[in-house]
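Undergrad: got a structure for you, letters missing:
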């Protein structure tokens, strides 16, 4: 996905306070350019989906009484649209299985940004899965570069304008994808894949 193009995110929520509040939060997410669209009724949502293909549809599972997501997807097949649940009440976990991800109205901006980034990178990973590989996202490559240069989680977070918690989550994902669990292993990976030059990290060796 072209990171210079604003993300088109539709918000399906009947409460104007929650809907407009989330739209305001999305515009402030770090390192993401978001173009939110507020949708208040099921009829408006159906019309919007006929005319547009959002990158992400964030919907309250109770939207319109109850949003039957599998049926909705079948009626509005959009190839790359990701679906995220906006949880504002107690929801049975099984009801969220049809969604690609979810977050709560109690979550902070870091948690919301992490969920959205995860959705975007999931799309990249699925494309690579056809080649039998699971590659790192651009953000994960940046974090690997910082790690092999000897930076702490706090220093990486400050440089990338993220929270320490988000950095830790990214590092866990990196370890899972690469099956590399040591800085030395990451250093070899970074050099082999030309993420860093040897002279950039010679002091760490």
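TA: Here it is on my side, so go on. Since we're looking at a predicted model, the values are computed, not measured.
Undergrad: residue 29 and residue 116, how far apart?
TA: 7 Å (CB to CB, to the nearest Å). Heads up, the C-betas are built off the backbone N, CA and C, glycines and all.
Undergrad: kindly report the same for residue 82.
TA: To residue 116, residue 82 is 9 Å away according to CB to CB.
Undergrad: between the two, point out the one with more neighbours.
TA: residue 116 (23 against 20; other CB atoms under 10 Å).
Undergrad: helix/strand/coil for residue 141?
TA: With DSSP: H, G, I helix; E, B strand; the rest coil as the basis, residue 141 sits in helix.
Undergrad: one more: residue 9?
TA: Under three-state DSSP, residue 9 falls in the strand class.
Undergrad: next, count neighbours for it.
TA: Residue 9, neighbours per other CB under 10 Å, totals 23.
Undergrad: quick one: low-confidence parts of this protein?
TA: Low-confidence segments of the chain, defined by pLDDT under 70: 1-4, 78, 121-134, 199-205.
Undergrad: could you chop it up by domain?
TA: 7-126, 136-204 (automatic domain parsing).
Undergrad: neighbours of residue 181, how many?
TA: Residue 181 has 10 nearby residues by other CB under 10 Å.
Undergrad: again, but for residue 178
TA: Neighbour count for residue 178, taken as other CB under 10 Å: 16.
Undergrad: quick one: it and residue 140 touch, right?
TA: No: Residue 178 is not in contact with residue 140 according to CB atoms under 8 Å; the separation is 9.3 Å.
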